[in-house]
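**Q** Return atomic coordinates for the entry below.
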Amino acid sequence: MKELSLNIFDISQNSVKAKAEKIEITLDETEETLAITIRDNGCGMTAEQVRNVMDPFFTTRTTRNVGLGVPLLKLAAEQTGGGIRIESVSEKDNPENHGTVIRADFFTKHLDFTPLGDIVSTVTLMIQGAPDIRWIFIHNTGSGSVELDTDELKAVLGDVPLNNYDVIKWIEEYLKEGYADIHYNMGYNL
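**A** Alright, predicted model coming up:
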């Protein structure tokens with residue numbers, strides 16, 4: 001994938017399909033590193049699935065016979081000298097406390113570092129596509145952070161759905177303003 005935001009989108013869609021009620025995406029960025037963590041409370045994976053999830057020819061999906069999201073994220077991280085870790089607890093193993101955490105670490109100064117891309121549009125699209133999920137987005141940088149929690153929005157909006165056009169446009173502008181406030185160069189005009 002040409003942008004890490006597309007990897008984030010793909011993996012978050014796995015969380016949606018795993019029936020997560022809460023998906024937290026955290027980006028921790030320094031001058032030389034980027035850590036992407038995607039945490040959900042979906043149905044989780046068995047130990048065997050966790051072992052196999054790095055294989056591009058393994059998938060639990062019935063609509064296609066390969067799963068490329070995690071292997072592509074792993075490749076992108078390893079190309080920079082970084083890596084990936086996956087922890088998961090299956091709902092069958094623990095009905096009360098289950099879900100998956102994927103963390104990918106990148107060295108951003110490496111020649112093969114894939115740019116983050118349009119994370120604002122990615123987060124907006126994820127919320128629009130699954131408005132009933134609690135989305136938590138946090139991007140910590142050396143000059144500040146951008147944060148959004150859809151539960152806070154739902155508390156203010158009441159019965160207005162998150163995928164309402166005006167709400168989606170507001171979310172997009174809110175995130176853009178957050179990045180402008182920390183003077184973050186997103187590679188496009190804010």
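**Q** mean confidence for whichever strand or helix holds Gln128?
**A** Element membership of Gln128, judged by DSSP states H and E, is helix 119-129. Mean pLDDT, computed over helix 119-129, is 97.
**Q** For that helix, buried residues please.
**A** Ile119, Val120, Ser121, Thr122, Val123, Thr124, Leu125, Met126, Ile127, Gln128 (16 or more other CB atoms under 10 Å). (Each C-beta comes from the backbone N, C-alpha and C, glycine too.)
**Q** Checking the closest residue to Pro131 other than its chain neighbours next. Helix, strand or coil?
**A** Spatial nearest neighbour of Pro131, chain neighbours left out: Leu162 (3.7 Å); criterion: CB to CB, 6 or more residues apart in numbering. What DSSP: H, G, I helix; E, B strand; the rest coil gives for Leu162 is coil.
**Q** is it true that Leu162 touches Leu153?
**A** Yes. Shown here, Leu162 and Leu153 form a contact pair, counting by CB atoms under 8 Å, at 6.4 Å.
**Q** Return the distance of Leu157 relative to Ile102.
**A** 30 Å (CB to CB, to the nearest Å).
**Q** Could you point out which residue ranges in the chain have low pLDDT?
**A** The chain contains residues with pLDDT under 70 at 1, 56-68, 185-190.
**Q** residue contacts, His139?
**A** If you count contacts by CB atoms under 8 Å, 6 or more residues apart in numbering, His139 has them with Thr26, Leu27, Glu29, Ile119, Ser145, Val146, Glu147, Tyr184.
**Q** quick one: the last one and Ser145 touch, right?
**A** No. Taking contacts as CB under 8 Å, Tyr184 lies outside contact range of Ser145: 9.9 Å.
**Q** As a check, name the ranges of all strands in the protein.
**A** 22-29, 33-40, 83-89, 99-107, 134-141, 144-149 (DSSP state E).
**Q** Need those strands in a markdown table (columns: distance to Glu3).
**A** Output for the strands of the chain, formatted as a markdown table (distance: least, CB to CB, whole Å):
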| stretch | distance to Glu3 |
| --- | --- |
| strand 22-29 | 13 |
| strand 33-40 | 12 |
| strand 83-89 | 17 |
| strand 99-107 | 13 |
| strand 134-141 | 15 |
| strand 144-149 | 17 |
